[in-house]
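# This is the structure alone, sequence omitted:
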């Protein structure tokens, strides 16, 4: 017993000097007109403020350049394209989702449908994930987008980390905004002309910081 006790004390002493690496969090988003990427930058700011590493990754486009041109979509950012094979290298995920009729866009669904090998091998089990959204109108899916995306996380055994009301501005009724307990959000307007407001960006930054703090505890 004495020998075992001494060995345990030595092991604890050694481990006390081990430096834990900060969680590496992927911000995986789809943004046709730029609203979600603007929100993603605020999320990134919050994650980094909590001492974590954040990487911006965009979901591969499925529409042709011809179709995108007819939709007056601006050029894509220079952020790297997300690779399903590399997801297991991250400690957590924030998903930026442009709403399509109250759900994720087809581009994100196509990307997620390619994660079957990760699902079968359980490589994403226990990893935290959250969502932030952009919709054209009030009531355009701020909550249903999060609700329907939870099923994707559940099948992978991931841990859904909602924003809740961590930021009191989610309660704000002085102006229209896209935030909900599921996550930060912005209202783009039916024609996409409205950009994320200062309130919406502040909530997104809070969500990034809150998510990073929880991801650190789970690592």
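It's in. As the structure is a computational prediction, the values presented were derived from the model and not from experiment.
# Report the contact partners of the closest residue in space to residue 122 that isn't next to it in sequence.
In space, residue 122 comes closest to residue 157 once its chain neighbours are excluded; the distance is 6.6 Å by Cβ to Cβ, 6 or more residues apart in numbering. C-beta: built from backbone N, CA, C; applies to glycine. If you count contacts by Cβ atoms under 8 Å, 6 or more residues apart in numbering, residue 157 has them with 122, 124-126.
# go with 10 Å
119, 122-127 (Cβ atoms under 10 Å, 6 or more residues apart in numbering).
# And residue 30, by the same measure?
Residue 30 neighbours (Cβ under 10 Å, 6+ apart): 36-37, 58-62, 82, 95-98, 100, 104-111, 134.
# Same question for residue 81.
57-61, 111.
# Now with 7 Å, please.
57-58, 60 (Cβ atoms under 7 Å, 6 or more residues apart in numbering).
# Same check on residue 194?
Residue 194 sits next to 187-188 when contact means Cβ under 7 Å, 6+ apart.
# can you check the one 10 residues further on too?
By Cβ under 7 Å, 6+ apart, the residues touching residue 204 are 39, 42-43, 132, 184.
# the strands in the protein, which residues?
Taking DSSP state E as the test, the strands found in the chain are 24-29, 53-58, 92-98, 128-135, 159-160, 185-187.
# Show me the residue sitting in the middle of the chain in space.
residue 94 (1.3 Å; Cα atoms, centre = their mean).
# What about residue 101, how many residues nearby?
Number of residues near residue 101 (other Cβ atoms under 10 Å) recorded here: 11.
# Let's see the pLDDT reported for it.
For residue 101, the model assigns a pLDDT of 90.
# mind listing what the closest residue to it other than its chain neighbours touches?
Nearest residue to residue 101, sequence neighbours excluded (Cβ to Cβ, 6+ apart): residue 141, at 7.2 Å. Contact analysis of residue 141 by Cβ under 7 Å, 6+ apart lists 99, 102-103, 133, 135.
# Quick check: phi and psi on residue 141?
phi 130, psi 20 (degrees, to the nearest 10).
# Could you check how far it is from residue 191?
Applying Cβ to Cβ, to the nearest Å, the value for residue 141 to residue 191 is 17 Å.
# low-confidence ranges in the chain?
1-19 (pLDDT under 70).
# how about the helices in it?
2-15, 35-49, 65-70, 106-113, 116-121, 144-156, 198-218 (DSSP state H).
# Which neighbouring elements make contact with the fifth one?
Think helix 116-121. Helices and strands touching helix 116-121, by 3 or more Cβ pairs under 7 Å, 6 or more residues apart in numbering; DSSP states H and E, are helix 144-156.
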